[in-house]
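Asks: Generate coordinates for the sequence data below:
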Amino acid sequence: MFIVGLLTWWYSAGWKSFGKMLLQKLTISEDFFSIDILLGSLFAPFKQISAEYGSGGTLQMKIQAWFDKLFSRFIGSIIRTLLILVGTTWIIIQAVVDVILLLIWPLIPVLPIIGLFVAIGGYLP
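Replies: Numbers count the residues shown, from 1 in each chain. Coordinates of the predicted model:
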């Protein structure tokens, strides 16, 4: 009776719980990389400290501030693009591995039996 209960849980509530856990991990990864936020701020300045000279500065100071902002936006876009690529790659790899794990889940209870056949006879049934 214990084995029947275990197998019933494995193929129903256990499998569903495992799928929810994998989906939660995928959601955490998506939240960690925040690709939507990175896309929204792709050309925002990166760690801009001080490039504001206001309206009281000279022409040279205004041009310097403009180039500082431009350079900061360029660096920010490169870093954000790299993070978007890394995040997208990670999420795709994680999704593929999760699907494989979900497909392997029903086979796990059968693996000891297959291992026994291989150990005894040296072949698969």
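Asks: Let me know the average pLDDT across stretch 35-47.
Replies: Averaged over stretch 35-47, pLDDT sits at 85.
Asks: And that stretch, what's buried?
Replies: For stretch 35-47, burial by neighbour count (16 or more other Cβ atoms under 10 Å) applies to 35, 38, 45-46. Using the backbone N, CA and C atoms, a C-beta is placed for each residue, glycine as well.
Asks: Need the max-distance pair from those residues.
Replies: Greatest spacing in the buried residues of stretch 35-47, by Cβ to Cβ: I35 and P45 (19.5 Å).
Asks: Longest helix in the protein, please.
Replies: The residue-count maximum for a helix in the chain (DSSP state H) belongs to helix 59-104.
Asks: what separates that one from the chain centre, distance-wise?
Replies: 13 Å (Cα atoms, centre = their mean, to the nearest Å).
Asks: ok, now stretch 4-23?
Replies: 24 Å.
Asks: Now do it: distance from first to last residue.
Replies: 28 Å (Cα to Cα, to the nearest Å).
Asks: Could you tell me which of the buried residues of stretch 35-47 are located in helices?
Replies: 35, 38.
Asks: Out of the buried residues of stretch 35-47, the closest to M1 would be?
Replies: So of the buried residues of stretch 35-47, ranked by how close each gets to M1 (Cβ to Cβ), first place is I35, at 48.9 Å.
Asks: Look up how far L42 lies from the closest one.
Replies: Note on I35: its distance to L42, by Cβ to Cβ, to the nearest Å, is 11 Å.
Asks: and the longest helix of the chain, what's its mean pLDDT?
Replies: Per-residue scores along helix 59-104 average to 92.
Asks: now L70: how far from P45?
Replies: 9 Å.
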